[in-house]
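Q: the following block contains a protein sequence and its predicted model.
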Amino acid sequence: MIMACSSSHSAPPEISIIFKQEPPQSKKQVTYRIPALIYISDKQTFLAFAEKRKTPSDTDADVLVMRKGLWKNDNNQVKWVSDQQVFASACLPNHRTMNPCPVYEKQSETLFLFFICVPVGVSERKQIKENKNQARLCYITSKDAGETWSAVSDLTADVIGEQEKNWATFAVGPGHGVQMKSGRLIIPAYAYRYTVKTVCTLCCCLSLCTPYALAFYSDDQGITWKAGQQMDVESCECQMAEIVGEKGSSTLYCNARTRLGYRTEALSNNAGEDFDTVLSSNKLIETGNGCQGSVLSFLEQSSPPQTWLLYSHPSHPKKRVDLGLYLNKSPLDSSGWSDEPLMILHHGPSAYSDLVEFEPGHFACLMECGKEHENEEIAFLLFKLPEKKL
């Protein structure tokens, strides 16, 4: 299993704090969680999203916020040009907004920001206990790189439909979506489904509810959306990446959180309509009770170019600390992951993250981190892969 690298003592990359928690004793107590990052190359613009919460609790999530950064290639720095923007349109009445998941449609130059809306005061646990989904699948769009946004669209009835009766609750991402080379848009998601209605023991009767990942997808530039089939193995918060073979073949890879002690990795040969191949090396550990991780595919500049995978996740098997970066040069084989982190993106408390490649061989990460606790701030950094470890 991949563990923290005891020899990784190099200085961490310089970071910028994008969102910062107001301390509990403050009259304006605020926590920012659930980072999502996207880069719009023709505008040289980073958009960083997060949930603004009244407390660290999921049930105290409130609205989504965004900050915009402009990349300057002459000095390889990002200038954050605005204060946080609060999304007044990304909500439904009496609901809280959660799990930002952006994807960019290149041909129409349309940015989609997906999220879920959940009634105020209704927890995930309550939905699972009552076997009654109350989450809504929603999105807003921007045609000008995040300057202005559309009104909210609620896709729940059209996309999920009858499946909702079998779901206790669901969510998207969190983190970035994918546009495949075919043009198909992919939004990673997961839904809790009861696999055994009732199991009775000597003391009580229990219902067993398990999360299974799936993809929402669109083949018409986001005009209409469909839901793919759920996986057959436990798979919770997830991200997806396209793996392009040397002969042009396309495979959609999914990397998902679990409660099993290791990550679920699976492949789809039909662009997310289902994931019929579950990889079995169990090489990527899961942290404690689980933590979201980010996955990204990129072309390694060889001849012919090859697709490699990057993955970020806390590198400790029990605690959310030391956000590690891992590499797989043979992405169809889960045993190909590096045995140790290539680098530690943040030493100390760290949790959720999101990766993007903004120029060939140049990457960025938006991550939850802090000195005493992983929810102190959401920070941004640029990095390149250490050549001596490739």
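A: Okay, I see it.

Q: for the stretch 251-390 of the chain, what spans make up the helices?
A: Taking DSSP state H, counting those that start in this stretch as the test, none of the stretch 251-390 of the chain falls into helices.

Q: so where's it uncertain?
A: Scanning the stretch 251-390 of the chain for pLDDT under 70 picks out the ranges 388-390.

Q: repeat the analysis, applying 80 as the threshold.
A: Scanning the stretch 251-390 of the chain for pLDDT under 80 picks out the ranges 301-304, 387-390.

Q: what mean pLDDT would you report for stretch 101-121?
A: Taken as a whole, stretch 101-121 has a mean pLDDT of 96.

Q: at the geometric centre of this protein, which residue do we find?
A: Residue closest to the mean C-alpha point of the chain, counted by CA atoms, centre = their mean, is residue 175 at 2.7 Å.

Q: quick check: the gap between that residue and residue 330.
A: To residue 330, residue 175 is 23 Å away according to CB to CB, to the nearest Å. In short, each C-beta sits where N, CA and C put it, glycine included.

Q: with residue 269 instead?
A: With distances taken as CB to CB, residue 269 is found 17 Å from residue 330.

Q: identify the bridge partners of residue 37.
A: residue 48 (DSSP bridges).

Q: returning to what we had before: check contacts around the residue nearest to the centre of the chain.
A: Residue 175 makes contact with 35, 36, 37, 101, 188, 239, 292, 294, 352, 353, 354 under the criterion CB atoms under 8 Å, 6 or more residues apart in numbering.

Q: confirm that it sits in a strand.
A: No. Residue 175 is assigned coil when assessed by DSSP: H, G, I helix; E, B strand; the rest coil, not a strand.

Q: and the gap between it and residue 290?
A: Counting by CB to CB, the gap from residue 175 to residue 290 is 15 Å.

Q: which residues of the stretch 101-250 of the chain score low on pLDDT?
A: Within the stretch 101-250 of the chain, the stretches with pLDDT under 80 are 195-208.

Q: again, only using 90
A: Counting by pLDDT under 90, the ranges of the stretch 101-250 of the chain that qualify are 121-132, 161-166, 193-209, 245-249.

Q: in it, which spans are strands?
A: With strands called from DSSP state E, counting those that start in this stretch, the stretch 101-250 of the chain shows them at 110-119, 136-142, 153-154, 167-172, 178-179, 185-200, 205-218, 226-227, 238-244, 250-256.

Q: adding distance to residue 376, write those out as a markdown table.
A: Below are the strands of the stretch 101-250 of the chain laid out as a markdown table (distance: least, CB to CB, whole Å):
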| stretch | distance to residue 376 |
| --- | --- |
| strand 110-119 | 23 |
| strand 136-142 | 28 |
| strand 153-154 | 34 |
| strand 167-172 | 24 |
| strand 178-179 | 30 |
| strand 185-200 | 27 |
| strand 205-218 | 28 |
| strand 226-227 | 36 |
| strand 238-244 | 24 |
| strand 250-256 | 26 |
